[in-house]
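> give me coordinates for this.
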Amino acid sequence: MRQSHHHNFLFRAACEGVKLVALMLAGFMSACLFLAPFGAFDQAGALVQIAMPFFLRLMIALSSLIAIAGLFEALE
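Below you'll find the predicted structure:
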């Protein structure tokens with residue numbers, strides 16, 4: 001038997017995107033923590049300065065997508 005979906009496709013896609021970004025951020029943090037014991041503090045700091053704006057923009061886009069999906073859910 002097929003499970004019925006309670007939310008629209010846009011909301012489910014945005015939730016999957018948030019889950020993937022959380023996994024990417026956890027992987028990035030573990031990579032930076034892995035670099036630190038080997039004396040690569042400067043490289044880890046440079047990576048953080050480059051990557052954090054990317055993650056911030058991605059989360060802003062996904063939160064906007066969730067807000068739009070919530071609006072569509074409310075209109076149904």
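
> where does the residue minimising distance to the centre of the chain fall, secondary structure wise?
Geometric centre of the chain, nearest residue: V21, 2.3 Å, by CA atoms, centre = their mean. Applying DSSP states H and E as the criterion places V21 in helix 9-35.

> which parts of the helix or strand that comes right after that helix are buried?
Downstream of helix 9-35, the next assigned helix or strand under DSSP H and E is helix 41-75. Using 16 or more other CB atoms under 10 Å as the test for burial, helix 41-75 gives A44, A51, L58, L62, L65, I66, A69. Placement of C-beta: from N, CA and C, glycine included.

> got it, and stretch 13-31?
Buried residues in stretch 13-31, defined by neighbour count with 16+ other CB under 10 Å: A14, G17, V18, F28.

> I'd like those written out as CSV, with pLDDT added.
What follows is the buried residues of stretch 13-31, written out as CSV (pLDDT from 0 to 100):
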residue, pLDDT
A14, 88
G17, 91
V18, 90
F28, 89
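
> so which of those residues comes closest to E73?
Distance to E73, by CB to CB, is smallest for A14 among the buried residues of stretch 13-31, at 11.3 Å.
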